[in-house]
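Colleague: got a predicted model here, sequence first, then my questions.
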Amino acid sequence: MFHMAPLQLILTISITGFCSTDTETTLTASFNSFGTLHTSEKYNQYSTATENTNINNSLSRHVAKRGNENVATTEMKIDDNLSGRNNNKTVCNNSNDTDKINYESFKIEIENEKRELIIINDTVKRMLEEIRNVTWLFINDHKEYVGHEAIKLCHAYLQQKRNFLHKIRIFNTHINEYNCKFTSVTYSDILPEEGYEEEFREQQHIILKFEYLHGLISDYYRMHEVKEKANNLTEKYNTFGHLSDLEKSIEEGEIVKEMIRNISENVKMTNNFSRTHELERYFVTNFTTQLLDSNFWELQLENKTKELEKAIRYIQDETVRILLHESVQPVVQGIIFMIGFVGNGVMIIIFARHGDLHTATNMMLLNLAIGDVLNLTINIPIFYSYTVSTRWRFGLHLCKAYRFLRQLAIGVSIYSIVALSVQRFLAVTQFDIFRCHGCRIPKNLKSFLIISSVWLAGCMIAVPHTVNAGIYEENCYGASDQNDYYQKTITLIDLLLFCVIPLTSITAFSVSSAYRLKMSIQKLPGEAVGMQAAIQARAVSSNVLIALAIVSAISYIPLYLLLFLYAWTDFRMYPATHYVVFIITYTLLFGNSCFNPIALYIVSSKFRGYFNRYLFCRRRKNTTENDMGTSRTSTDNTLTIETRL
């Protein structure tokens, strides 16, 4: 049996009746008595027991009990009435010898009917008492088998009561025949047949209300059983993440919704029936009062409908999320990871194996490749494994280290591009900031100071993400969900340090460098020997610089702008749409890491040759030209391709 919902059952009525305590004797009298209901007053079932006469009292005037003085007394009165009746004229029939002979047998028949009525009435009384006990036992305990037993007893009682009414009709018919045939003697008054029939109808209504309540209570518990099953499936989904469990939960929820609708309709029908037949006072408890509250069930139906609509939307979102998370995201981010990791990894190998590339300028490219590899490794495969896991199992210190390294990798990647953009601009303009301040610093030391500054900036950016990092809800997060101040602060810092400052710098310096390169092209004699290659190389380099600024903006702005809007404004998207947008913007974050080796492959013929050698096993052709594929430095101090890159 399903456990009862938390509706405390406090009886407001007596166990001896079906209504409240102030009328507990009323129903007993109504169900157990043959009242003098033939009076001019309207029949009132709720009159007290003293106002209605018990059947034994009503029939004792007609019954001659054996071994009792009442037998002789009653028979004496009958004899007197009969002897007087012979001298009076009757309207039915005159007495004769045959009537005198039939008188005794007729009287015996009536006396037998009286005894039979008393026996039936005693049986009805016992059945009624048992019905009262069983019905209230069900109202108290809500046990299904008790309710079915009560209904069986009620039906048996009504059948017995119908038999009783039938016997009363026969008895009254015989009394009328007796009084009409033997007019000299008035044997008995007839029993109040109409009153008993009205009482029977009232009892039928009370029993019918109990049947309605039995059905409602049974439906209530069946509904809670199905609801509990749906909740268990939801909990199973939350534990194991199988979408099929959530779908089954919604199916069970639809059944619950339909059951609530049926209960609501049955409650309205029961209330209308009770008002029509004035049965509101019967079976009144706190539980049944709430059970029969139609507003309560309408509210439950409305809430369940909204709950299911929300669940259906959620499962649609989950379907999209699972599709993206298990199919699209691994493939797309896997491709990006392979391109970026292989491209930057080959760059690191090239720098490690070829000493001729160990220049101050190329060291910045090496630093960028290392930052990109770190960024791709931590923020794609490790982050994906982190999102798949429902629990963090590596402790608080590793949690803080993970949050720190994530932001460090992104910071090093973006600020390495800033440093390269500045270096390109200074190379194109031939401006040396250190020389302007009277300092002569070797190129290698300059590169070391710039690279150190990049990593220091990355560490400073990562620290705020680590301060509040911890294990919340069994997983590693930057802060608790309740910490709104942290969310607003960190999104503002990220927007400034990952987007506004670096992208403004990259755009300004890259565009300026591209403009300077294009202006320098116009100064080169196009017909001069060897200048055509330099012109083409500068044009390509300027376009790559502009593309680098655009790619950087596309990579970083969408994600951090989205996070900023969610933290600082009321901007919201549909959950499925939000997840799709987040995955797209997060994936764009690594576009820059893939673009850097591609850009270097396009611009530098020397690097292109090494890439072909290590990636495609293709040896470079021997050439008398410089390994960079450009002409020697001209008198106008034309920059090499390597410097421009």
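Modeller: Perfect, I can see it now.
Colleague: for the rest of this, base every contact and every neighbour count on C-alpha atoms.
Modeller: OK.
Colleague: residue nearest the centroid of the protein?
Modeller: Ala311 (5.2 Å; CA atoms, centre = their mean).
Colleague: against Leu301, how distant is that residue?
Modeller: 15 Å (CA to CA, to the nearest Å).
Colleague: for Gln160, which non-adjacent residue is closest in space?
Modeller: Leaving out its chain neighbours, the residue that sits closest to Gln160 by CA to CA, 6 or more residues apart in numbering is Val124, at 6.8 Å.
Colleague: so that neighbour: helix, strand or coil?
Modeller: helix (DSSP: H, G, I helix; E, B strand; the rest coil).
Colleague: distance check, it against Gly147.
Modeller: 20 Å.
Colleague: those two: which is more packed in?
Modeller: Gly147 (25 against 21; other CA atoms under 10 Å).
Colleague: surely that one is in contact with His214?
Modeller: Yes - the pair Gly147 / His214 is scored as a contact, 6.4 Å apart, by CA atoms under 8 Å.
Colleague: where does pLDDT dip in the stretch 1-150 of the chain?
Modeller: Within the stretch 1-150 of the chain, the ranges that satisfy pLDDT under 70 run 1-103.
Colleague: at 80 instead, please
Modeller: By pLDDT under 80, the weakly predicted segments of the stretch 1-150 of the chain are 1-107.
Colleague: same check on the stretch 501-645 of the chain?
Modeller: 514, 516-546, 548-549, 603-604, 616-645.
Colleague: one more pass at 70, please.
Modeller: Using pLDDT under 70, the flagged stretches of the stretch 501-645 of the chain are 521-539, 541-542, 618-645.
Colleague: if you count neighbours, what's buried in the helix or strand hosting Thr289?
Modeller: Thr289 belongs to helix 286-291 when assigned by DSSP states H and E. Neighbour-count burial for helix 286-291 flags 287-288, 291 (criterion: 16 or more other CA atoms under 10 Å).
Colleague: show me which residues of whichever helix or strand comes after that helix are buried.
Modeller: Note on helix 286-291: by DSSP H and E, the next helix or strand toward the C-terminus is helix 294-323. Going by neighbour count (16+ other CA under 10 Å), the buried part of helix 294-323 is 294, 297-298, 300-301, 304-305, 308, 311, 315, 317-318, 320-321.
Colleague: could you do stretch 195-214 as well?
Modeller: Buried positions in stretch 195-214, judged by neighbour count with 16+ other CA under 10 Å: 195-196, 199-200, 202-214.
Colleague: narrow those to those in strands?
Modeller: Taking DSSP state E, every one of the buried residues of stretch 195-214 sits outside strands.
Colleague: now do the SS call for Arg281.
Modeller: Going by three-state DSSP: Arg281 is coil.
Colleague: and Leu191, by the same measure?
Modeller: Going by three-state DSSP: Leu191 is coil.
Colleague: got the phi/psi numbers for it?
Modeller: phi -80, psi 150 (degrees, to the nearest 10).
Colleague: wait, isn't it in contact with Ile168?
Modeller: Yes - between Leu191 and Ile168 there is a contact at 7.0 Å, judged by CA under 8 Å.
Colleague: I'd say Ala409 and Leu374 touch.
Modeller: Yes - using CA under 8 Å, Ala409 is in contact with Leu374, at 5.7 Å.
Colleague: looking at these two, which one has more neighbours?
Modeller: Shown here are Ala409 and Leu374; by other CA under 10 Å, Ala409 has more neighbours (24 against 19).
Colleague: now do stretch 220-227: distance to the chain's middle.
Modeller: Distance, stretch centre to chain centre, for stretch 220-227: 17 Å (CA atoms, centre = their mean, to the nearest Å).
Colleague: that stretch - what's its average pLDDT?
Modeller: Average pLDDT, stretch 220-227: 95.
Colleague: please apply the same query to stretch 363-378.
Modeller: Stretch 363-378 shows a mean pLDDT of 89.
Colleague: just the CA coordinates of that stretch, formatted as CSV?
Modeller: Once non-C-alpha atoms are left out, stretch 363-378 reads as follows in CSV (Å, rounded to 0.1, in the frame of the first residue of the first chain):
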residue,chain,number,x,y,z
MET,A,363,61.7,32.9,-30.0
MET,A,364,58.4,34.9,-29.7
LEU,A,365,56.9,32.5,-32.2
LEU,A,366,58.1,29.6,-30.1
ASN,A,367,56.6,31.1,-27.0
LEU,A,368,53.3,31.5,-28.9
ALA,A,369,53.4,27.9,-30.0
ILE,A,370,54.0,26.7,-26.4
GLY,A,371,51.1,28.8,-25.1
ASP,A,372,48.8,27.5,-27.8
VAL,A,373,49.7,23.9,-27.1
LEU,A,374,49.1,24.5,-23.4
ASN,A,375,45.8,26.2,-24.1
LEU,A,376,44.6,23.5,-26.5
THR,A,377,45.6,20.7,-24.1
ILE,A,378,44.0,22.1,-20.9
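Colleague: just the residues contacting that stretch, thanks.
Modeller: Residues from elsewhere that reach stretch 363-378, judged by CA atoms under 8 Å, 6 or more residues apart in numbering: 337, 340-341, 344-345, 347-348, 351, 405-406, 409-410, 412-413, 416-417, 419-420, 447, 451, 590, 593.
Colleague: who's in contact with Asn344?
Modeller: Asn344 touches 369-370, 372-373, 594, 597, counting by CA under 8 Å, 6+ apart.
Colleague: so how far is Gln423 from it?
Modeller: 20 Å.
Colleague: same question for Thr319.
Modeller: Using CA to CA, Thr319 is found at 48 Å from Gln423.
Colleague: tell me which element Gln160 is part of?
Modeller: Counting by DSSP H and E, Gln160 is part of helix 144-181.
Colleague: helices or strands up against that helix?
Modeller: Helices and strands touching helix 144-181, by 3 or more CA pairs under 8 Å, 6 or more residues apart in numbering; DSSP states H and E, are helix 97-141, helix 193-240.
Colleague: and among these, the most buried is which?
Modeller: Using mean count of other CA atoms under 10 Å, the stretch among these with the largest mean neighbour count is helix 193-240, at a mean of 18.
Colleague: so Asp481, which of the three states?
Modeller: coil.
Colleague: look at it and say how many residues are nearby.
Modeller: 11.
Colleague: just the pLDDT at it, thanks.
Modeller: 79.
Colleague: now do Ser421
Modeller: What the model reports for Ser421 is a pLDDT of 84.
Colleague: which SSE is it in?
Modeller: Per DSSP H and E: helix 395-429 holds Ser421.
Colleague: for that helix, what is the distance to the chain centroid?
Modeller: Distance, centroid of helix 395-429 to centroid of chain: 42 Å (CA atoms, centre = their mean).
Colleague: show me which residues of that helix are buried.
Modeller: Neighbour-count burial for helix 395-429, counted by 16+ other CA under 10 Å, picks out 399-400, 402-428.
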